[in-house]
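A.B. asks: What would the 3D arrangement of this be:
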Amino acid sequence: MPGNTHITLRTAVIIPFVIIFIFTIGAIVAVQKSSYEEMVQDISQKQLSSLTENVNLKLQTFLNEPFQASLALSHSIGYHNVYTKGDTEVIQQYLLTAFQDLYPTIPHMDVIGFGGEGAEYTGFRKESNGGFTLMIQDDRTEQKLVIYRGNQISDDIRSVIEGYDPRIRPWYAPVPSRKNQCGHRSTQTLMNVKRSLCQL
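C.D. replies: Numbering: from 1, shown residues only. Presented below is the predicted three-dimensional model:
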């Protein structure tokens, strides 16, 4: 009779085996895919965490070197009491010497300066040619901020700025509200690290 189909013993044994085999392979592939995605995500998170930690450590070192130099200069100026209201000549020479000695070991420090409580300012900027530009505001410049082409006062003036007050700058503003360890309220040193100011 045409409606009666017989399945052979071989077919009856092979069909369940094939179904189980396909199901097992599918389950293994699904589990491996899930495990692989979890592993990739875990490795990515670990690599990202490691990279972030390394960047943070390098950034801390990058900023900490000029910050520590700034603190040392600030404490030294206060300890030796070299600040004279209206006259920053001694500090000017001190900063130039310190900058020339510090710059080779901290190449990313490109500005160093001092602001006094009488609105005096003296500082130096490292130029691309290896020289230093003097910036000064005290009684010698009639309380105008004068920027010279070179590291000494001369007739070669780059610009003159009137009304500059370092006391309102972010790096100076916290100083009057607290005394430093030397007990001198006005001493403040500024380091400019590639456009990033380190506050004391």
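
A.B. asks: In stretch 128-141, which residues are buried?
C.D. replies: By 16 or more other C-beta atoms under 10 Å, the buried positions in stretch 128-141 come out as 132, 133, 134, 135, 136, 137, 138, 140, 141. Glycine gets a C-beta too; all of them are placed from N, C-alpha and C.

A.B. asks: Could you list the low-confidence segments of the protein?
C.D. replies: Counting by pLDDT under 70, the chain contains low-confidence ranges at 1-5, 103, 173-200.

A.B. asks: ok, 50 please
C.D. replies: When residues are selected by pLDDT under 50, those of the chain lie in 1, 180-200.

A.B. asks: Where do the strands of it begin and end?
C.D. replies: Using DSSP state E, the strands of the chain run over residues 111-115, 121-126, 132-137, 145-148, 157-161, 189-193, 196-197.

A.B. asks: among the ones you listed, which is nearest residue 79?
C.D. replies: Closest approach to residue 79 among those (C-beta to C-beta): strand 189-193, 12.7 Å.

A.B. asks: Using CSV, please lay out the buried residues of stretch 128-141 together with distance to residue 77.
C.D. replies: Below are those laid out as CSV (distance: C-beta to C-beta, whole Å):
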residue, distance to residue 77
132, 18
133, 21
134, 17
135, 17
136, 16
137, 17
138, 15
140, 18
141, 20
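
A.B. asks: re earlier: of the strands of the chain, which is nearest residue 26?
C.D. replies: Short answer: strand 196-197, nearest of the strands of the chain by C-beta to C-beta, at 56.5 Å.

A.B. asks: sorry, back to before: out of the strands of the chain, which comes closest to residue 52?
C.D. replies: Between residue 52 and the strands of the chain, the shortest gap by C-beta to C-beta is with strand 196-197, which sits at 19.0 Å.

A.B. asks: returning to what we had before: between the buried residues of stretch 128-141, which is nearest residue 85?
C.D. replies: Using C-beta to C-beta, residue 138 is the member of those that sits closest to residue 85, with 9.0 Å.

A.B. asks: Now for residue 122, how many residues are close by?
C.D. replies: Look at residue 122: counted by other C-beta atoms under 10 Å, it has 28 neighbours.

A.B. asks: Check which helices and strands the longest helix along the chain is in contact with.
C.D. replies: Of all the segments of type helix in the chain, defined by DSSP state H, the longest one is helix 9-79. With contacts taken as 3 or more C-beta pairs under 8 Å, 6 or more residues apart in numbering; DSSP states H and E, helix 9-79 sits against helix 89-102, strand 111-115, strand 189-193.

A.B. asks: between the strands of the chain, which one is nearest to residue 34?
C.D. replies: Residue 34 sits nearest to strand 196-197 of all the strands of the chain, at 45.1 Å, using C-beta to C-beta.
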